[in-house]
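Participant: Show me how the following folds:
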Amino acid sequence: MYFPRMLDKIRLHGSGELHEDYHNNLGAPRAADGACCNFLRVHYRDLRERVLQGGTDEEILEWCFEKGRRLNAGDLVVWNGFTSKLGWRDFATPMLEDAKKKHGIVDRTDIVTIPDLIDLDEGRKS
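Facilitator: Coordinates of the predicted model:
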């Protein structure tokens, strides 16, 4: 659920096109990038290097499986459940609250997870 977005951020940052708001959390252990890399058992710096060498998302995911661990169907259920709720009553809640303040949407009770905020930011939610 999150992996392609992380790869897109790496590519955009590598080309100098990633908005500055995202720079601090790139690969941060207590952010989604770090959680995803930890789940895959790969280091963010190694993943970043691999992404910048080129390749499709699928090829890079296969590289992660080879360097870290291969996920099974149960792992995917756990990961997708975790990422779909990120920011809701967990370690990422303070980050979500800070982002809502920055966006001027503290009163938005429908924005309760990081994915909700991403959907709003990217125009899938109004």
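Participant: number of nearby residues for Tyr48?
Facilitator: For the record, residue 48 is Arg, not Tyr. Using other CB atoms under 10 Å, the number of residues around Arg48 comes to 21. In this view, the C-beta of every residue, glycine as well, is placed from N, C-alpha and C.
Participant: so it sits right up against Ile10, yeah?
Facilitator: Yes - using CB atoms under 8 Å, Arg48 is in contact with Ile10, at 5.3 Å.
Participant: Let me see the contact set for Tyr44.
Facilitator: 26-27, 33-34, 37 (CB atoms under 8 Å, 6 or more residues apart in numbering).
Participant: Point out the ones among the residues you listed that are inside helices.
Facilitator: Mapping these onto helices (DSSP state H) picks out 33-34, 37.
Participant: Can you give me the distance of the nearest residue to Lys67 once chain neighbours are set aside to Arg124?
Facilitator: Spatial nearest neighbour of Lys67, excluding adjacent residues (CB to CB, 6 or more residues apart in numbering): Val42 at 5.3 Å. Applying CB to CB, to the nearest Å, the value for Val42 to Arg124 is 28 Å.
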